[in-house]
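[1] my questions are about this predicted structure, shown below with the sequence.
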Amino acid sequence: MNILELHNLKKYFATQKAVDDISFNIAEGSIFGLLGPNGAGKTTLLRMITGIFYPDSGHIIFNGKKYDPVNDVSYIGYMPEERGLYKKMKIGEQALYLAQLKGLSKSDATQKIKEWFVKFEMQSWWNKKVEDLSKGMSQKLQFVTTVLHEPKLIILDEPFSGLDPVNANLIKDEIFNLAKKGSTIIFSTHRMEQVEEICDHIVLVNKGEKILDGTVSDIKNSFKENIYQLGAATRPENLMTYIFEVIKHHPNKLLIKLQHDHTPNDVLKFFINQDIAIHSFNEVLPSLNDIFIKLVEGTPGARQFQKVN
Amino acid sequence: MNKIWLIFKREYITRVRNKTFLLSTFLLPIVMILFFFGSAYFAMSSKDSLKKIAVVNDPGMFKPNLKSDSTRMLFEFTSNVDSSNFDSKGYDAVLDLKNDSVKKTFTIHSKKQLGLDGKQIIENRLDRAFEKNQLQKKGIQKEILDSISKESMGAYTIENRLTTETGKSEEVNAAVNYGVGFGSGILIYITMFIFGAMVMRGVMEEKTNRIAEVMVSSVKPFQLMMGKIIGIAAVGLTQLFLWVVLIMILSSVAAAFLPAEMIQQAGEANKNMPGGMGGNTEMAMKIMEFQKDISSINWTLIISCFIFYFLGGYLFYASLFAAIGSVINEDPQEAQSLMLPITMPIIFAFIIMSSNLNTPDSKIMVWASMIPFTSPIVMMGRIPSGVPAWQLVVSMALLIAGFIFTTWLAGKIYRTGILMYGKKASWKEMFKWAFRKS
C-alpha cells in the first residue's frame, strides 16, 4: 500500500516553475530518497507534502485519503534543511512544546522525550538552554523532536549535514529502526553515498521535473554499461579479441567492457582457453553518484530564472 | 484553537519570565515614585538656602516698604558694603539702589548666579514696594487694599455644566479632562510602540533562528502569528496592571513613611509657579477642587475604553508589525526603513491629539477619532471631555473592522515572508503577496 501518492503536482512561482508536473508514489514502510541538484524543487515539493504550500494544481493522497493538511500534519514529522530552535528556551521545554503542537498530551510527551533522551544519552540536557548546544547536539535534539510523536511519515531534509560520523551513525541506525517499526521515511539529500546505503526507492528531480524513479538496484541495472572486473595476471598480448574491450589494465586486474552479442561466459571461456588463472570476476555497476552526474550534467550549475507563461 | 492556546502560553510565559520584563515592570514604578518624592525633597531643601542681600544707597522709599521673608530673601539696609566686599561681610549679594527712585534699572552683584527665579522675586518685591509707596502717597492704606483683594479672590466660581442627551446636566472641568485625556492618549501611544516592536522582534527571532519552517509544519502560519500577538497583548495588560498596582502600593508606603508636610510640598512643587506666590488657603482650595474634579470623572467609562482602545489599537498595528518582521532578515537597518510607514500614522495621531486637545470637538479630532489608524490615541484624548455615544460606537466598530482587515492582510504577507531567506522583500512584492488569491 502506498502511504503517499503525488498526482501531477505543479507549483509555479513568479520567476520559476519550481515543481512542474511531478507524480510518484511512496510505499508504506520504505525509505525513500528524493534527490536533485540545488534548486531543483526538492524543498518546494516537501513543503507541499507537509502542507506548508498548496499546490497550484494536482493532488496528494495520504494514507489512502485526500490529503488534509490541517489534520494530517500530526502524522508527519518534518525536519527542514533550514532548521532551528528557540534559543532562549530550555531544551526539555522546547521538546515538550513542539510535541504538544503535534497533538501529544503533556504527560505522553514528557514520557516519550525522557525515553529518547536516554537513548541518545541526553538526560542531563533537560534544563540547559538551546543556545548552549553545539551544532551537532542541536541536530540530535531536532531529530528527536521530529520523530517524537511517532509519525507515519518522516521527512528528513539533509539530516546528516554537520554531524560527525559517530552521531551520523547513531541517527542512521534510528532511521532504520523507525522504518522497521513501520514508519515511512523520505530522505532528501544530494549526498549519493548515503542514498545508496539507506534508500530502497529514489526519485531524481531536476529543474522542477522528475527525471528518474525506481529502486536503487533497478536504476543501477538500467544504467549499467556491461563493465566487468576480472582478477587475473595477464599480458597485453593475451587480450587480442572481439569479445571485449579493455578499459584499464593492471598486472593483476582488468576492467573490461563487453561488446554486443557476447555474454560474460564468453569472456570466461576465452581466458580458460588461454589457460589463464582467474581469481575473481564480477560486474561493475555504476554508482548513483555517476548516474546523478551523468543526468544532471549539462544543466547549468545554478538554475536560471525563467519566464512563467 | 488548541494550538493558538499553546503558542499563546509559550509567548506569554517566556516573556513574563524574562529578566527585562521583570526589571522594567518593577523598576519603573520605583523610579517614578523616587522622582516624585525626590523632587519634593529637593524643592524643600532648596528653600532652606536663605539669601541674605545687602541693600545700599536707598533713596528712602524702599526701607519701610521692601518686604523680607524669613525663608527665601532677607534684605538688610546697610552702608559700607559694595561689590568688592559683600562676600567677606557675610552677604550673598549686594543691591545698589543708587539713591534713585526714578531710574528703572538697578544692579545686583552676587558671587553665584541668582537664577531666573531669584531675579524675578527681587523685581517683584521692588515693584510691590514701589506700589505701596505710591498708594501711601495718594492716601490709601496698603492694609485696606490687601484685605479687599483677599476678600474678592475666590468670591465667585463658575461651573460649566453640559446638557447631555439624557437631559442630565454635568459639570465639566477642562483642565482635569485635558490631563486625563492627554495621559491616557500618551500611554496608548507608548504602549503601542513598545508592544508592536516586541511582536516584530519576536517574528524576526523566529525567522533568524530558522524555527519558522519547523513551526509551520505543525501549525498554520496564521495560528503562529495570532498566538504571538495575543500572547504579547496579555503581557502588555499584565505589565500595565502591575504598574498601576505597584504605583498605588508604593505611593501609599511612601506616604506612610514621609512626613505629611513633605507630601503637601510634593504636590506644591509639581505645580509651583516661579515666585512661589499664593497663600496656603488658596493652595488648599485648589487641592480640594482638584480632588472633587477627579472624583467627578467617569472612571469606569475611561478605564473600560482605555482597555478597549489599548487592545484595539495594539491588534490593529501588531499584525502589521508582524508582517514587517516576517519580511526582513538579520539586518536591523532593514527594519528601520520598513517600519517607517507604520510608525508614521501612530506619530501623526499623537500630534493631532496633543495639538488639538484644547478643542476636543473640533472637526479634525472627530475625524481622527473615527479612522482606525489614529482613533485609539485620539479617541482616548477626547473621552474624558465627553463623546457622543454614536461617535464612540462608530469609532469602536471601525477599529474592530480595521484590525480584522489588517490581520487578514498581514497574515498573507507573513505566510510568505516567514519562509523567505536571503533578500528583503520589496513593497511591491509584499503588495502582491497580500492581494493574490490563495
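    Alright, I've got the coordinates.

[2] for the stretch 201-309 of chain A, give me the ranges with low pLDDT.
    A:298-309 (pLDDT under 70).

[3] for it, which segments are assigned as helices?
    A:216-222, A:264-273, A:288-296 (DSSP state H, counting those that start in this stretch).

[4] just the stretch 251-400 of chain B next, same as before
    B:260-270, B:280-296, B:299-327, B:332-356, B:363-368, B:375-382, B:389-417.

[5] for the fourth one, which positions count as buried?
    Same thing as helix B:332-356. B:334-335, B:338-339, B:342-343, B:345-346, B:349-350, B:352-354, B:356 (16 or more other Cβ atoms under 10 Å in any protein chain shown). From N, CA and C alone the C-beta is placed, and that goes for glycine too.

[6] next one: the shortest one
    By neighbour count, and taking 16+ other Cβ under 10 Å as the criterion, the buried residues in helix B:363-368 are B:365-366, B:368.

[7] A helix includes B:Ile249, no?
    Yes. Checked against DSSP: H, G, I helix; E, B strand; the rest coil, B:Ile249 lies within a helix.

[8] what about it, neighbour count?
    With neighbours defined by other Cβ atoms under 10 Å in any protein chain shown, the count for B:Ile249 comes to 12.

[9] what's the pLDDT at the residue lying closest to A:Phe53 once chain neighbours are set aside?
    Spatial nearest neighbour of A:Phe53, excluding adjacent residues (Cβ to Cβ, 6 or more residues apart in numbering or on different chains): A:Arg47 at 4.4 Å. pLDDT, A:Arg47: 88.

[10] ends of stretch B:55-66, what's the gap?
    Counting by Cα to Cα, to the nearest Å, you get 10 Å between the two ends of stretch B:55-66.

[11] pull out the buried residues from it.
    B:55-56, B:58, B:61-62, B:65-66.

[12] which two among these are spaced furthest apart?
    B:Val56 and B:Asn65 (16.6 Å; Cβ to Cβ).

[13] how about the residues of chain B by chain A?
    B:3, B:6-7, B:10, B:14, B:18, B:205-206, B:209-211, B:213-220, B:419, B:421, B:432, B:438 (Cβ under 8 Å from any Cβ of the partner chain).

[14] so who does A:Thr50 touch?
    A:69, A:73, A:76, A:78, A:155, B:217 (Cβ atoms under 8 Å, 6 or more residues apart in numbering or on different chains).

[15] tell me which two in those residues are the farthest apart.
    The span of these, defined through Cβ to Cβ, is set by A:Pro69 and A:Ile155 at 13.6 Å.

[16] so for these two, which residue has more residues nearby?
    A:Ile155 (25 against 18).

[17] over to the more buried one: give its phi and psi.
    phi -110, psi 120 (degrees, to the nearest 10).

[18] per-residue pLDDT of it, please?
    At A:Ile155, pLDDT is 93.

[19] excluding residues flanking it in the chain, which one is nearest A:Leu133?
    A:Leu141 (6.8 Å).

[20] list the contacts of the helix or strand hosting that neighbour.
    Here A:Leu141, judged by DSSP states H and E, is contained in helix A:135-147. The contact list for helix A:135-147 (Cβ under 8 Å, 6+ apart) reads A:77-79, A:83, A:85, A:91, A:94-95, A:98-99, A:113, A:116-117, A:120, A:122, A:125, A:130, A:133, A:154, A:156, A:159, A:162-164, A:167, A:170-171, A:174, A:178, A:183, B:214.

[21] if we use 6 Å, what do you get?
    Residues outside helix A:135-147 that contact it (Cβ atoms under 6 Å, 6 or more residues apart in numbering or on different chains) are A:77, A:79, A:83, A:95, A:98, A:116, A:120, A:154, A:162-163, A:167, A:171.

[22] kindly report the same for stretch B:9-27.
    Residues contacting stretch B:9-27 (Cβ under 6 Å, 6+ apart): A:97, B:228, B:231, B:234-235, B:239, B:242.

[23] please apply the same query to stretch B:190-202.
    Contacts of stretch B:190-202 (Cβ under 6 Å, 6+ apart): B:228-229, B:232, B:236, B:313-314, B:317-318, B:321-322, B:324-325, B:346.

[24] quick one: low-confidence ranges for the stretch 51-200 of chain B?
    B:70-72, B:100-103, B:115-117, B:160-173.

[25] next up, the contacts around the closest residue to A:Leu96 other than its chain neighbours.
    In space, and not counting its chain neighbours, A:Leu96 is closest to A:Ala109: 5.3 Å by Cβ to Cβ, 6+ apart. Contacts for A:Ala109 (Cβ under 6 Å, 6+ apart) come out as A:96, A:99-100.

[26] can you say which of these are buried?
    Counted by 16+ other Cβ under 10 Å, the contacts of A:Ala109 give A:96, A:99-100 as buried.

[27] please identify which of these is nearest to chain B.
    A:Gln100 (5.4 Å; Cβ to the nearest Cβ).

[28] measure stretch A:55-70 end to end?
    15 Å.

[29] chain center to it: distance?
    22 Å (Cα atoms, centre = their mean, to the nearest Å).

[30] which parts of that stretch are buried?
    Quick answer for stretch A:55-70 (16+ other Cβ under 10 Å): A:55, A:58, A:60, A:62-63, A:67, A:69.

[31] can you list the neighbours in contact with the top helix by length along chain A?
    Counting residues, the longest helix in chain A under DSSP state H turns out to be helix A:165-180. When contacts are defined by Cβ under 6 Å, 6+ apart, helix A:165-180 is touched by residues A:31, A:136, A:143, A:160, A:185.

[32] burial count for the second one?
    When you say that, I think you mean A:Gly136. 14.

[33] look at it and report its pLDDT.
    83.

[34] can you classify the residue in the stretch 1-150 of chain A that chain B sits nearest to by secondary structure?
    Ranking the residues of the stretch 1-150 of chain A by distance to chain B (Cβ to the nearest Cβ) places A:Gly84 first, at 3.2 Å. Look at A:Gly84: counting by three-state DSSP, its state is coil.

[35] what residues are up against it?
    By Cβ under 6 Å, 6+ apart, the neighbours of A:Gly84 are B:209-211.

[36] sorry, back to before: quickly check the contacts of helix A:165-180 for the two that are furthest apart.
    Maximum pairwise distance in the contacts of helix A:165-180, criterion Cβ to Cβ, is 22.5 Å, between A:Ile31 and A:Gly136.

[37] show me what residue of the stretch 51-200 of chain B gets nearest to chain A.
    B:Met198 (13.9 Å).

[38] now that residue: which helix or strand?
    Counting by DSSP H and E, B:Met198 is part of helix B:174-208.

[39] list the buried residues for that helix?
    Buried, per 16+ other Cβ under 10 Å, within helix B:174-208: B:176-182, B:184-189, B:191-193, B:195-200, B:202-208.

[40] from the chain's centroid, how far away is the next helix or strand along the chain from it?
    The helix or strand immediately downstream of helix B:174-208 is helix B:212-216, counting by DSSP H and E. In terms of Cα atoms, centre = their mean, the centre of helix B:212-216 is found 42 Å from the chain centre.

[41] what residues does helix B:212-216 touch?
    Residues beyond helix B:212-216 that count as contacts (Cβ under 6 Å, 6+ apart) turn out to be A:52, A:80, A:82-83, B:206, B:224, B:418.

[42] just to revisit the earlier point, helix/strand/coil for the residue nearest to A:Phe53?
    helix.

[43] try the one 5 residues further on
    Counting by three-state DSSP, the backbone at A:Ile52 sits in coil.

[44] residues contacting it?
    B:Val216.

[45] nice, that's everything, thank you.
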